[in-house]
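Peer 1: test case, fold it:
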Amino acid sequence: MKFDELNLIEPILKALEDKKYINPTPIQEEAIPLILKKNDILGCAQTGTGKTAAFAIPTIQHIVQSEENQRGKPVVKSLIVTPTRELAIQIDDNIRAYSKYTKLRHTVIFGGVKQGAQVDKLRRGVHILVATPGRLLDLIGQGFISLKSVEVFILDEADRMLDMGFIHDIKKLLKLLPTNRQSLFFSATMPKNIVELSRKILRNPKKIEVSPVSSTAETIQQYLYYTNRTTKRDLLLHLLKDPEMDQVLLFARTKRGADRVAKNLKSRNINAGAIHGDKSQNQRQKTLKQFKAKSIRVLVATDIAARGIDIDTLRYVVNYEIPNLPETYVHRIGRAGRAGKEGISISLCEPEENAYIRDIQKLINKKITVVEDNPYPQTDKPMTEKEKKEWNKEKQRRKQEFFANRNKNKNKSNNNRRR
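Peer 2: Have a look, this model is predicted:
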């Protein structure tokens with residue numbers, strides 16, 4: 001099937017032609033006709049399969065057709081809520097590309113920057129608003145945004161939304177939206193809490209599941225190196241001797257860990273940069289832009305900061321630290337091998353992370369290929385007292401950071417409820 005067989009209007013088809021989009025991905029092929037028919041949607045597909053276009057294209061068409069004879073300042077007809085600034089910016093960029101030959105107005109709002117420029121765009125009127133929950137509720141509270149005219153509500157990356165503690169924000173938003181609306185609910189994974197939330201949002205939804213829940217794309221080759229905590233750094237440097245790895249997204253578990261890895265790589269004359277929640281929005285966007293332009297070879301990121309990184313040609317993802325949640329692994333490696341292209345995932349596993357690998361393999365229902373030609377193999381040799389001390393210190397630091405982040409999210413939700 002081709003896009004011109006999906007009953008799309010000419011301005012959108014022209015924009016898709018500019019993007020060199022010819023054949024829709026499976027989720028686009030299923031979702032676009034259903035959304036055009038005004039169905040509520042419960043969509044599940046792994047990262048990188050084209051979810052954004054699946055909901056953005058028919059939403060743009062709906063608004064363009066309904067606004068043909070309308071005059072006056074635009075009002076918000078579609079609200080798209082997503083968990084991170086990077087993902088919100090990415091969605092807004094895609095909407096700009098797909099609607100370039102229409103008169104549709106759109107904007108994106110997120111926290112971490114001054115609100116002035118965002119408020120100016122809202123005052124001029126927009127049809128589609130892309131937002132992160134905190135800034136959205138803040139500007140609603142200040143009277144800059146009204147949701148009473150919303151006809152299409154889209155919740156994207158719902159699983160990550162709940163992981164980040166936004167459940168109370170979402171419930172508050174639902175009370176502000178019109179009851180008579182179309183709702184689209186997209187998530188890369190579909191655990192029980194996500195299904196329960198979808199029941200509160202959707203009415204008789206059409207379910208789209210283009211691949212098994214929590215699966216990884218077949219286009220991604222997955223490799224595993226068993227190594228030691230003390231040799232991970234050397235193993236990474238060994239791997240980066242391969243000139244084919246000219247653009248690598250590397251995941252660290254913590255903000256401090258991301259900075260530490262990037263600093264070490266730079267000390268070895270490897271261009272690297274780090275993005276995480278402690279970096280300003282301008283810093284993050286600058287680093288991401290440099291990575292896309294390949295002036296930075298290795299981008300070291302935490303999981304939350306990496307959401308929204310959308311690089312069609314990205315081939316390599318490295319798990320420098322194995323995530324303790326197997327669903328996070330699915331999200332991480334989905335950054336590569338996007339839209340049917342080939343990707344390679346490399347995981348560096350120390351002994352304390354072996355259990356995480358078992359959980360991941362159970363979730364994705366496949367064995368990750370173990371690389372035997374490994375110059376720094378995992379050994380049974382016990383850690384020295386110094387290594388034990390360092391490891392216990394690291395575990396304590398990770399524990400403290402986990403509880404600090406959890407309390408931060410709780411406080412954020414409580415503050416929003418009080419507002």
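Peer 1: what's around residue 134, how many residues?
Peer 2: Using other Cβ atoms under 10 Å, residue 134 is surrounded by 18 other residues. Backbone N, C-alpha and C define where each C-beta goes, glycine included.
Peer 1: any idea which element it lies in?
Peer 2: helix 133-141 (DSSP states H and E).
Peer 1: off-centre distance for that helix?
Peer 2: Centroid displacement of helix 133-141 relative to its chain, using Cα atoms, centre = their mean, to the nearest Å, is 21 Å.
Peer 1: residues making contact with the helix or strand just after it?
Peer 2: Counting by DSSP H and E, the element after helix 133-141 in chain order, helix or strand, is strand 152-155. Under the criterion Cβ atoms under 8 Å, 6 or more residues apart in numbering, residues 55, 59, 62-63, 77-81, 161, 170, 177, 181-186, 201 lie in contact with strand 152-155.
Peer 1: could you do stretch 112-127 as well?
Peer 2: 63, 67, 73-78, 85, 104-109, 129, 135, 138-139, 144-145, 280-282.
Peer 1: and that stretch, end to end?
Peer 2: End-to-end distance for stretch 112-127: 24 Å, by Cα to Cα, to the nearest Å.
Peer 1: give me the buried entries from the contacts of strand 152-155.
Peer 2: Buried by 16 or more other Cβ atoms under 10 Å: 55, 59, 62-63, 77-81, 161, 170, 181-186, 201, out of the contacts of strand 152-155.
Peer 1: which of the contacts of stretch 112-127 fall in strands?
Peer 2: 78, 106, 107, 108, 109, 129 (DSSP state E).
Peer 1: from these, which is closest to residue 292?
Peer 2: Within the ones in strands among the contacts of stretch 112-127, proximity to residue 292 (Cβ to Cβ) peaks at residue 108, which comes in at 18.0 Å.
Peer 1: can you give me the neighbour number for the closest one?
Peer 2: 25.
Peer 1: what is it paired to in the beta sheet?
Peer 2: residue 130 (DSSP bridges).
Peer 1: residues touching it, list them.
Peer 2: Neighbouring residues of residue 108 by Cβ under 8 Å, 6+ apart: 88, 89, 91, 92, 118, 129, 130, 131.
Peer 1: turn these into JSON lines, including distance to residue 376, neighbour count and pLDDT.
Peer 2: As requested, these are arranged in JSON lines below (distance: Cβ to Cβ, whole Å; neighbours: other Cβ atoms under 10 Å; pLDDT from 0 to 100):
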{"residue": "88", "distance to residue 376": "40", "neighbour count": "24", "pLDDT": "91"}
{"residue": "89", "distance to residue 376": "38", "neighbour count": "20", "pLDDT": "90"}
{"residue": "91", "distance to residue 376": "40", "neighbour count": "26", "pLDDT": "93"}
{"residue": "92", "distance to residue 376": "43", "neighbour count": "22", "pLDDT": "95"}
{"residue": "118", "distance to residue 376": "48", "neighbour count": "20", "pLDDT": "96"}
{"residue": "129", "distance to residue 376": "49", "neighbour count": "25", "pLDDT": "98"}
{"residue": "130", "distance to residue 376": "44", "neighbour count": "28", "pLDDT": "98"}
{"residue": "131", "distance to residue 376": "45", "neighbour count": "26", "pLDDT": "96"}
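Peer 1: now for the residues you listed: which two are most distant?
Peer 2: 91 and 118 (15.1 Å).
Peer 1: ok, residue 275 - contacts?
Peer 2: Residue 275 makes contacts with 258, 283, 284, 287, 288, 299, 300, 301, 302, 305, 306, as judged by Cβ under 8 Å, 6+ apart.
Peer 1: wait, a strand at the fourth one?
Peer 2: In this case it means residue 287. No: using DSSP: H, G, I helix; E, B strand; the rest coil, the assignment for residue 287 is helix, not a strand.
Peer 1: am I right that it is in contact with residue 273?
Peer 2: Yes: Residue 287 lies in contact with residue 273 (Cβ atoms under 8 Å); the separation is 4.2 Å.
Peer 1: gap between the helix or strand where residue 261 lies and the chain center?
Peer 2: Following DSSP H and E, one finds residue 261 within helix 255-267. In terms of Cα atoms, centre = their mean, the gap separating the centre of helix 255-267 from the centre of its chain is 22 Å.
Peer 1: go on, stretch 284-295?
Peer 2: When distances are taken as Cα atoms, centre = their mean, stretch 284-295 is centred 17 Å away from the chain's centroid.
Peer 1: what's the pLDDT at the nearest residue to residue 64 once chain neighbours are set aside?
Peer 2: Distances taken as Cβ to Cβ, 6 or more residues apart in numbering put residue 102 closest to residue 64, at 5.0 Å, once the chain neighbours are dropped. On pLDDT, residue 102 comes in at 95.
Peer 1: can you get me a residue count around residue 102?
Peer 2: 18.
Peer 1: do the same with residue 393
Peer 2: Per other Cβ under 10 Å, the neighbour tally for residue 393 reads 10.
Peer 1: re earlier: need the residues touching each of residue 287 and residue 273.
Peer 2: 296, 299.
Peer 1: who touches the helix holding residue 134?
Peer 2: In contact with helix 133-141 (Cβ under 8 Å, 6+ apart) are residues 81, 83, 109-111, 115, 118-119, 122, 129, 145-147, 161, 166, 169-170, 172-173, 176, 412, 416, 419.
Peer 1: among those residues, which are in helices?
Peer 2: 118, 119, 122, 161, 169, 170, 172, 173, 176, 412, 416 (DSSP state H).
Peer 1: dump those residues to a markdown table, plus distance to residue 17.
Peer 2: Below are those laid out as a markdown table (distance: Cβ to Cβ, whole Å):
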| residue | distance to residue 17 |
| --- | --- |
| 118 | 31 |
| 119 | 35 |
| 122 | 31 |
| 161 | 33 |
| 169 | 38 |
| 170 | 36 |
| 172 | 41 |
| 173 | 36 |
| 176 | 38 |
| 412 | 43 |
| 416 | 42 |
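Peer 1: quick one, phi psi at the residue nearest to residue 64?
Peer 2: With angles defined as degrees, to the nearest 10, residue 102 sits at phi -120, psi 180.
Peer 1: got the contact list for it?
Peer 2: By Cβ under 8 Å, 6+ apart, residue 102 lies in contact with 11, 12, 60, 64.
Peer 1: good, we can wrap up now.
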